[in-house]
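have a look at this prediction, sequence included:
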Amino acid sequence: MASPTPAPALAAAAPPSRLGRFLDSDLLASFRRSKLAMAAFAATVLFVALALLAPVISPQNPYDPAQLELMNANLPPLWYADGQAPFLIGTDDQGRDVLSAVFYGMRLSLLVGVLGVLLSGFIGIGLGLIAGYAGGWVDTVIMRVADVQLTFPAILIALIVDGVAKAVAGGHMEAEAQIALIVVAIGLSFWVQYARTVRGSVMVEKNKDYVQAGRLIGLSAPVILTRHILPNVTGPVFVIATINLALAIITEATLSFLGTGLPETMPSLGTLIRTGNRFLFSGEWWIVAFPGLALAGLVLAINLLGDWLRDALNPKLQ
């Protein structure tokens, strides 16, 4: 009589996927508990969606002179007796639909802000990794440069970079070149926070066993920094990047308001506020009010999201 076949061994449980780990994470649980963070996230997503969909949902392209009619200049919002469709919240002195200008301006402000944060993060993280891992005179030089820059306000650094570049270029620059210049100015203004934070984290991480093991098996310093140390210092970097995004948008708006930022042919929210400020006391309040509200709402939403992320990633508050 044949012996019974033994029951198959239970298969080992499959490791949870990245999505599964995220859904069970403390970060998502903290997000679900915070109604303010959820509201800030929803507002940020709304602003980003309006900016990305600007060419689709806007009544006109405010950057296209062929679509502008001076006969439609300074029209009030639609709920006024003199308001006209499709200008829901009125027009400016060039006949641009203010709602369309806000959508396109928000798109440009977000683009400059995101690129500026990416550039500052790239510079700051790179210098912070080098300073923390190398130590010695390399660390001293990088940190002393950072200390000197901290003595100047970020907006002053951006103004200096912008002014020097325009003087070198002879005062005339194309719109695309001005956008790139503002991105560089913002990137050079905010790298210090990344560098100091990453340097401190690297100085702690480089003495741990996994870094020592990497050295023993012959891994090069760039491999250890990028593949092993960098993933362990990204938490504070995400917090700084979120908060600095709001600061970058404000910096761009300030430069444009002062007349050293983006041109009026490609207006950002700061340029729209500068344009509308000339008509504030003549009765056309909507030209400055709605771009100002959009800028304030966008920056507030991002700041609230950054504040929640900072608290959620702080182990002392868990």
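Everything's here; your move. As the structure is a prediction and not an experimental result, all values here were calculated from the model. Numbering: from 1, shown residues only.

surely Asp93 meets Asn277?
No - under the criterion of Cβ atoms under 8 Å, Asp93 makes no contact with Asn277, lying 11.8 Å away. Backbone N, C-alpha and C define where each C-beta goes, glycine included.

for the residue nearest to the spatial centre of the chain, give me its contacts.
The chain has Leu245 as the residue nearest its centroid, 2.8 Å off, counting by Cα atoms, centre = their mean. By Cβ atoms under 8 Å, 6 or more residues apart in numbering, the contact set of Leu245 is Gly113, Val114, Val117, Ile302, Gly306.

isn't the fourth one up against Val45?
Right, the one you point to is Ile302. No - no contact is recorded between Ile302 and Val45 when judged using Cβ under 8 Å, the distance being 11.2 Å.

what about those two, which has more around it?
Comparing Ile302 with Val45 by neighbour count (other Cβ atoms under 10 Å), the higher total belongs to Ile302, at 26 against 11.

part of a helix, is that one?
Yes - secondary structure of Ile302 (DSSP: H, G, I helix; E, B strand; the rest coil): part of a helix.

what about it, distance to Val161?
Taking Cβ to Cβ, to the nearest Å as the measure, Ile302 and Val161 are separated by 23 Å.

next: Val138.
With distances defined as Cβ to Cβ, the gap from Val138 to Val161 amounts to 25 Å.

quick one, which of the two is more surrounded?
When Val138 and Val161 are compared for neighbours, Val161 comes out ahead with 18 against 14, by other Cβ under 10 Å.

tell me where the chain has helices.
Across the chain, reading from the start of the chain, the helices by DSSP state H fall at 18-23, 26-33, 35-52, 54-57, 98-134, 136-150, 154-168, 175-189, 191-205, 209-216, 221-223, 234-257, 269-277, 286-312.

now those helices in a markdown table, with mean pLDDT and distance to Leu75?
Rendered in a markdown table, the data for those read as follows (pLDDT from 0 to 100; distance: least, Cβ to Cβ, whole Å):
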| stretch | mean pLDDT | distance to Leu75 |
| --- | --- | --- |
| helix 18-23 | 52 | 48 |
| helix 26-33 | 78 | 43 |
| helix 35-52 | 93 | 22 |
| helix 54-57 | 90 | 20 |
| helix 98-134 | 93 | 9 |
| helix 136-150 | 91 | 46 |
| helix 154-168 | 82 | 34 |
| helix 175-189 | 86 | 26 |
| helix 191-205 | 91 | 44 |
| helix 209-216 | 86 | 64 |
| helix 221-223 | 87 | 59 |
| helix 234-257 | 90 | 24 |
| helix 269-277 | 88 | 14 |
| helix 286-312 | 91 | 9 |
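
nearest approach to Leu68 belongs to which of these?
For the helices of the chain, distance to Leu68 was read as Cβ to Cβ. The smallest value, 10.5 Å, belongs to helix 98-134.

show me what that closest one is packed against.
Taking 3 or more Cβ pairs under 8 Å, 6 or more residues apart in numbering; DSSP states H and E as the contact definition, the neighbouring helices and strands of helix 98-134 are helix 35-52, helix 54-57, helix 136-150, helix 175-189, helix 191-205, helix 234-257, helix 269-277, helix 286-312.

ok, and for it, which residues are buried?
For helix 98-134, burial by neighbour count (16 or more other Cβ atoms under 10 Å) applies to 98-110, 112-117, 119-121, 123-133.

distance from the chain centre to that helix, please.
Between the centre of helix 98-134 and the centre of its chain there are 5 Å (Cα atoms, centre = their mean, to the nearest Å).

ok, now stretch 226-234?
Here the centre of mass of C-alpha atoms in stretch 226-234, compared against the chain's by Cα atoms, centre = their mean, lies 21 Å away.

what's the span of it, first residue to last?
Between the start and the finish of stretch 226-234 there is a gap of 11 Å, counting by Cα to Cα, to the nearest Å.

with stretch 255-274 instead?
Its start and end residues considered, stretch 255-274 measures 10 Å (Cα to Cα).

which residues touch Pro267?
Counting by Cβ under 8 Å, 6+ apart, Pro267 touches Pro62, Ala101, Tyr104, Gly105, Leu108, Ser256, Thr275.

swap in Ala73?
Taking Cβ under 8 Å, 6+ apart as the definition of contact, the neighbours of Ala73 are Thr91, Asp92, Asp93, Gln94, Gly95.

ok, it to Asp92 distance?
Applying Cβ to Cβ to Ala73 and Asp92 gives a distance of 7 Å.
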